[in-house]
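>>> My questions concern the predicted model and sequence given below.
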Amino acid sequence: MNDPRGTTAAPACGHHLTSAPVPVCEHLLTTTEPLYQYVHFTGDGTGQARVCQDCVPPTDVGPMVRVTPLCAPCADAATRGLLGTRGHPGPVERPRPTDPTVVRSPLPTALGPVTDLAPGGAAGGWLLLLTDGTLVRWHPGDEHWQELARTTVALPPDARTWGDMVPALRLHAGADGRYAAVVQDHVDEESLGQVLDLTTGAVTMSLSGGTYRTYTVPFSLAFTEHQGRTLLVHRTDWNRLDVSDPADGTLLTDRELDEDRSLDYFHGALHVSPDGRRIADDGWIWQPVGAPSLWSLHHWLTENPYESEDGPSRRDPLQPDYLWNRPMVWLDGERLALGGLGDDSAWLRPGALVLHVDDLAGALNTPLRLTAFAGPDGPFFAVDGLLYAATPEGLTVWDPTDGARLATVPGFHPTHHHRPAGELASLVDGALHRWTIN
Ligand SMILES: [Zn+2]
Ligand SMILES: [Zn+2]
């Protein structure tokens, strides 16, 4: 086995290096067409090589082929979609001082059971969905709460669980705290939802996500801010997304979808980049394979109502077997982190794939770059470019530029991120467990 690290070696392409060289197999070195690639971890920290289908060993313990360093742009030009990973990364620990204190804030006992929660946005506190459909705002530490609205959306009494796809009511809220949505995730019939104005209590929109294979995905929905307005992205069928004004339901993506334009794509969980310019969709296609896709929300809203179907900014970079509903978060406006290393849900290892969209102008018309590192698992969050992952052992903090673990908060498993409050939280036995990001 040769040394694939070679980080100081001159790239074979002869270009000046502006980032670490990327070791590639001989076929990627000489190809004139981009080839599908595997990432092969060298076992030395996050060191990895890119190899083609002919060079990848069938198992994790197979030997690494001879690789040669290229500059990152040349390696990107030689490679296309990722087919899988081999080998095991070595752990990289770079601990930094972190306050692990988790504050336990009991909910008022008179409130009763809570179905879901969401950050209260700029208006502060947390929004709680009670089992009778009441939506309240509550500030941790208070014995009192404020009733805001009431939804009639409930779970069907006979909703069935399919593997790890569990029917649930989900509460979403916009960043300004004015609008909320309550939707049915993973139900085995027409998936329904409502949008509520929390300042008036009015139901402003009734949502339907269609009827086809709705149990396979959560109800695709995300609030976003665009040019100073709060907008709602939501599914209106299994293969169609729309954008509406949550104030009155005005449709902003009116379009006809004929047979040629209709997608064979099951829209899934939606993730909007923090700058609101891009959106990622954790959907799937037959056979089934996961097919995370991303496109420019900005272009969709300003130029092309078909951007979510076949717009020039749309990218579908990966097709892992049976893998969707995965952890996913935008680290910033250009980098999307996806949970799980591997090309098949049956052979997945904890870790993060990071897609880099290198064009800063807004379109996605440059290749996506990919890095991967082992360790992160569970729900993902992002703050200041760092990845926070709620692994089984507790919350972990990662530097996605080199995959180093920076901190662990043992036993804390956050499910929600309150950006204005700067905290991660989860509901445990009638109390909100809160950790201030530090
Ligand atoms: Zn090769
Ligand atoms: Zn080069």
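Thanks, I have it. Residues are numbered from 1 along each chain as shown. Ligands and ions are numbered 1, 2, ... in the order given.
>>> quick one, strands of the stretch 201-350 of the chain?
Using DSSP state E, counting those that start in this stretch, the strands of the stretch 201-350 of the chain run over 203-208, 221-226, 229-237, 240-244, 266-272, 278-285, 289-290, 293-296, 328-330, 335-341, 349-357.
>>> how about those in a markdown table, adding distance to ligand 1, mean neighbour count and mean pLDDT?
(Each C-beta comes from the backbone N, C-alpha and C, glycine too.) Listed next are the strands of the stretch 201-350 of the chain as a markdown table, based on distance: least, CB to the ion, whole Å; neighbours: other CB atoms under 10 Å; pLDDT from 0 to 100:
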| stretch | distance to ligand 1 | mean neighbour count | mean pLDDT |
| --- | --- | --- | --- |
| strand 203-208 | 48 | 17 | 98 |
| strand 221-226 | 39 | 20 | 97 |
| strand 229-237 | 40 | 21 | 97 |
| strand 240-244 | 38 | 21 | 98 |
| strand 266-272 | 33 | 23 | 98 |
| strand 278-285 | 27 | 24 | 96 |
| strand 289-290 | 23 | 20 | 93 |
| strand 293-296 | 27 | 24 | 94 |
| strand 328-330 | 30 | 23 | 97 |
| strand 335-341 | 20 | 24 | 92 |
| strand 349-357 | 21 | 21 | 87 |
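>>> Contact distance from ligand 2 - what residues of the stretch 51-200 of the chain qualify?
Contact residues, the stretch 51-200 of the chain versus ligand 2 (CB under 5 Å from the ion): 71, 74.
>>> In the stretch 51-200 of the chain, mark out all the helices, start to finish.
Assigned by DSSP state H, counting those that start in this stretch, the helices in the stretch 51-200 of the chain fall at 72-78.
>>> Okay, now the unreliable bits of it?
For the stretch 51-200 of the chain, applying pLDDT under 70 flags the ranges 91.
>>> Which positions in it make contact with ligand 1?
52, 54, 55.
>>> ok so, going back, switch the strands of the stretch 201-350 of the chain over to CSV; also include distance to residue 183.
Output for those, formatted as CSV (distance: least, CB to CB, whole Å):
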stretch, distance to residue 183
strand 203-208, 6
strand 221-226, 6
strand 229-237, 8
strand 240-244, 14
strand 266-272, 11
strand 278-285, 15
strand 289-290, 21
strand 293-296, 21
strand 328-330, 18
strand 335-341, 22
strand 349-357, 26
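>>> Out of those, which gets nearest to ligand 2?
strand 349-357 (16.7 Å; CB to the ion).
>>> Parallel or antiparallel, which strands does that closest one pair with?
strand 335-341 (antiparallel), strand 368-374 (antiparallel) (DSSP bridges).
>>> and it, how far out from the chain's middle?
10 Å (CA atoms, centre = their mean, to the nearest Å).
>>> export it as PDB, just CAs?
Extracted in PDB, the C-alpha atoms of strand 349-357 (Å, rounded to 0.1, in the frame of the first residue of the first chain):
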ATOM      1  CA  ARG A 349     -21.700   4.200   9.200                       C
ATOM      2  CA  PRO A 350     -22.100   7.200  11.400                       C
ATOM      3  CA  GLY A 351     -20.600  10.200   9.700                       C
ATOM      4  CA  ALA A 352     -21.300  13.300   7.600                       C
ATOM      5  CA  LEU A 353     -21.100  14.000   3.900                       C
ATOM      6  CA  VAL A 354     -20.600  17.700   3.100                       C
ATOM      7  CA  LEU A 355     -21.700  19.000  -0.300                       C
ATOM      8  CA  HIS A 356     -20.000  22.200  -1.300                       C
ATOM      9  CA  VAL A 357     -21.700  24.400  -3.800                       C
END
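>>> Would you mind listing the outside residues contacting it?
Residues outside strand 349-357 that contact it (CB atoms under 8 Å, 6 or more residues apart in numbering): 82, 85, 88-89, 278, 294, 317-318, 331, 334-342, 364, 366, 368-377, 380, 387, 389, 391, 398, 400, 403.
>>> do that again at 6 Å, thanks
334-338, 341-342, 364, 368-377, 400 (CB atoms under 6 Å, 6 or more residues apart in numbering).
>>> for the closest residue to residue 297 other than its chain neighbours, which residues make a bridge with it?
Closest residue in space to residue 297, ignoring its immediate chain neighbours: residue 279 at 4.6 Å, by CB to CB, 6 or more residues apart in numbering. Taking DSSP bridges as the rule, residue 279 bridges to residue 272, residue 295.
>>> what residues are up against residue 86?
Counted by CB under 6 Å, 6+ apart, residue 86 has contacts 38, 40, 56, 57, 60.
>>> okay, now the closest residue to it other than its chain neighbours: neighbour count?
Leaving out its chain neighbours, the residue that sits closest to residue 86 by CB to CB, 6+ apart is residue 40, at 4.8 Å. Counted by other CB atoms under 10 Å, the residues lying close to residue 40 total 27.
>>> Show me the domain layout of this protein.
What the record gives for the chain is the domain set 22-86, 103-436, from automatic domain parsing.
>>> near ligand 1, which residues of the stretch 251-400 of the chain?
Residues of the stretch 251-400 of the chain lying near ligand 1 (CB under 5 Å from the ion): none found.
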